[in-house]
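**Student:** need the 3D shape of this:
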Amino acid sequence: RRPAFSPPPPPPPPPHTSRGGAGMKTVFLIRHGESESNARSAAWSSGLRKLGALELPTRKELGLMLDIVRVTPDSLLTGRGEAQAEDVGRTLSANNFLAHHNVELVVSSTLRRARRTRELVFPSPPKLVELPSIIECTPREHLLPSSVFLARVDAFRAWLAAREEATVAVVGHGLFFRRLLGTDWDMGNCEVHHATLGEDGVCRHVARLHGPRAELGAGATVAEAPGNETREGAAGGAGAPPAVSVEA
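**Tutor:** Predicted coordinates for the structure are as follows:
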C-alpha cells in the first residue's frame, strides 16, 4: 500500500564549491510525458463537456473516467507518454543537446512519470540528481494555503542558484514549473522550455524549444509559447549510465 503524499522536505544545501553558484544560469525545463492521471483528467473534461451537450462520452473516455483503482499521485506514463518521451529523446540525442548547450547537471523529480521521462530523454546525463522536493503539488498541499507549496518551489530556486553548474536541465511537473516561472500558462507533456535564473533569484521563461512530434505531426512547426519567439530544439547525450544521486 502506497503511503499518503505529504509535502516533502526542502532540498538539502548543495555541496560547497569554489564557484559559489554566482551569475546567471541557463535552465532547461522538461515536463514529463502524458501520465495516466493526465489521460484520466482529459477524459473527465471531455466527457463532462459532452454530457453537458447531451452527448455520450466515448467508450474509452468512460473507461478512464470510471477507472478509480489506479488513481495515485505517483502515476505511470501512458503508452502515449512513453512515445512522447522517446520521440523527444531521439531528437535531442540526434542534435547532441547536452554537449551543444553544455548541460552540466540533470535534475529529476522522484515520481515515476518524471523518472521514466528522464530515462528516455536523457539516458546518459553528465551528472544526475533526483530530488523528492520537486515532485508535483501533493493532494495534501492542495488543501493547505498556497504558501506551503510556493515555499517548496522557492527552496528549489534557491538550491538551484547555489549550485556550481551554470547550465542545468530539470525534468519535472507542470504546476511546479508554472509556479517556478510565475507564468499563467501550462507546459504541454514532454515539452522542452528554455529559461534563465538571474542573480536576482528570478526564473524567467525565454522560449519553448521543442515538443513531441507524436503531438505535432512530422515536419510541423513548433508552436510559439505565449509572448516568446519560437526556437529550434536541440538534443540529448550518450555514453555510460550515470551515477544517480538521490537527495532527501
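**Student:** I'd like the next helix or strand past the helix or strand that contains residue 156.
**Tutor:** Using DSSP states H and E, residue 156 sits in helix 146-162. Downstream of helix 146-162, the next assigned helix or strand under DSSP H and E is strand 167-172.
**Student:** same question for that next one, mean pLDDT?
**Tutor:** Strand 167-172 carries an average pLDDT of 98.
**Student:** what's that strand packed up against?
**Tutor:** strand 25-31, strand 105-109, helix 112-121 (3 or more Cβ pairs under 8 Å, 6 or more residues apart in numbering; DSSP states H and E). The C-beta positions use only the backbone N, C-alpha and C, and glycine is treated the same way.
**Student:** list the buried residues for that strand?
**Tutor:** Residues of strand 167-172 classed as buried under the neighbour-count rule (16 or more other Cβ atoms under 10 Å) are 168, 169, 170, 171, 172.
**Student:** and for stretch 87-105?
**Tutor:** Buried residues in stretch 87-105 (16+ other Cβ under 10 Å): 87-93, 95, 97-98, 101, 103-105.
**Student:** ok, now how distant is residue 168 from residue 134?
**Tutor:** 12 Å (Cβ to Cβ, to the nearest Å).
**Student:** got the phi/psi numbers for residue 93?
**Tutor:** phi -60, psi -40 (degrees, to the nearest 10).
**Student:** distance of it relative to residue 193?
**Tutor:** Taken as Cβ to Cβ, the span from residue 93 to residue 193 is 18 Å.
**Student:** re earlier: would you turn the helices and strands packed on strand 167-172 into JSON lines with distance to residue 128 and mean pLDDT?
**Tutor:** Shown next, in JSON lines, are the helices and strands packed on strand 167-172 (distance: least, Cβ to Cβ, whole Å; pLDDT from 0 to 100):
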{"stretch": "strand 25-31", "distance to residue 128": "13", "mean pLDDT": "98"}
{"stretch": "strand 105-109", "distance to residue 128": "5", "mean pLDDT": "98"}
{"stretch": "helix 112-121", "distance to residue 128": "8", "mean pLDDT": "97"}
